[in-house]
Every structure is written in structure tokens, then in C-alpha cells.
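*Asks:* show me how the following folds:
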Amino acid sequence: PVQARATAGGVELRLPWLIRDLQHAAVSQLVCTAAAASDTGADPLIKVLEPGAEDDPWLVRCNESGTAVPVEQEGPS
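*Replies:* Predicted coordinates for the structure are as follows:
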């Protein structure tokens with residue numbers, strides 16, 4: 001099962017699947033659902049953890065169009 005836990009400034013999202021095995025739309029839906037459920041503010045950071053990579057989370061946000069965007073690809077604020 002997918003697990004989500006609120007953290008300071010965002011959500012930790014644990015997936016039972018590898019991100020590369022999922023369609024982009026499914027990843028965006030998971031990330032944006034976690035972001036919408038967060039009570040941490042308007043732009044929560046989502047730390048996605050996949051099997052075998054628990055020490056190296058994928059840092060992502062949900063943009064205004066409902067797409068998961070890696071933090072390193074975000075434009076200027």
C-alpha cells in the first residue's frame with residue numbers, strides 16, 4: 001500500500017513501486033493528492049520514497065496544472 005505521513009513543510013510519500021515503472025499521470029496523481037491532503041500550506045514539498053531508495057527521496061511539488069515537478073526543475077519563485 002501507499003503510505004503518506006505529514007512532515008514539517010510537506011509530506012513523505014512511500015510507494016510500493018518504482019517510480020520508473022509508473023505512468024507519469026499516475027505519479028502526478030499520487031503526488032498532487034498528497035499535496036492537496038497536506039495541511040502544511042499552499043506549496044508542500046513531497047518526499048517520494050520508493051523501494052530500495054529510502055535514503056534518497058525524490059523531492060517534488062505539485063504545480064498549478066496538477067503535474068508533479070521535481071524540485072531541481074522548478075522555475076524561479
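*Asks:* what about stretch 44-53, average pLDDT?
*Replies:* Across stretch 44-53, pLDDT averages out at 92.
*Asks:* what about dumping the CA coordinates of that stretch to CSV?
*Replies:* Provided in CSV are the C-alpha atoms of stretch 44-53 (Å, rounded to 0.1, in the frame of the first residue of the first chain):
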residue,chain,number,x,y,z
PRO,A,44,4.1,21.5,0.2
LEU,A,45,7.3,19.6,-0.5
ILE,A,46,6.6,15.9,-1.3
LYS,A,47,9.4,13.5,-0.5
VAL,A,48,8.7,10.4,-2.6
LEU,A,49,10.4,7.2,-1.3
GLU,A,50,10.5,4.1,-3.5
PRO,A,51,11.7,0.6,-2.6
GLY,A,52,15.4,0.4,-2.4
ALA,A,53,15.9,4.2,-2.3
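*Asks:* got a list of contacts for that stretch?
*Replies:* 7, 9-19, 30-31, 34-35, 38, 57-62, 68, 71 (C-beta atoms under 8 Å, 6 or more residues apart in numbering). Glycine gets a C-beta too; all of them are placed from N, C-alpha and C.
*Asks:* can you say which of those residues are buried?
*Replies:* Neighbour counting with 16 or more other C-beta atoms under 10 Å marks 10-15, 19, 30-31, 34-35, 38, 57-58, 60-62, 68 as buried within these.
*Asks:* among those, name the ones in helices.
*Replies:* With helices taken from DSSP state H, the overlap with the buried ones among the contacts of stretch 44-53 comprises L30, V31, A34, A35.
*Asks:* grab the nearest non-local neighbour of the third one.
*Replies:* Taking C-beta to C-beta, 6 or more residues apart in numbering as the measure, A34 lies nearest to V11, with 4.5 Å between them; neighbours along the chain are not counted.
*Asks:* how distant is the lowest-mean-pLDDT helix or strand in the chain from the center of its chain?
*Replies:* Using mean pLDDT, DSSP states H and E, strand 3-7 stands out as the lowest-scoring helix or strand of the chain, at a mean of 91. Centroid separation between strand 3-7 and its chain, computed with C-alpha atoms, centre = their mean, to the nearest Å, is 10 Å.
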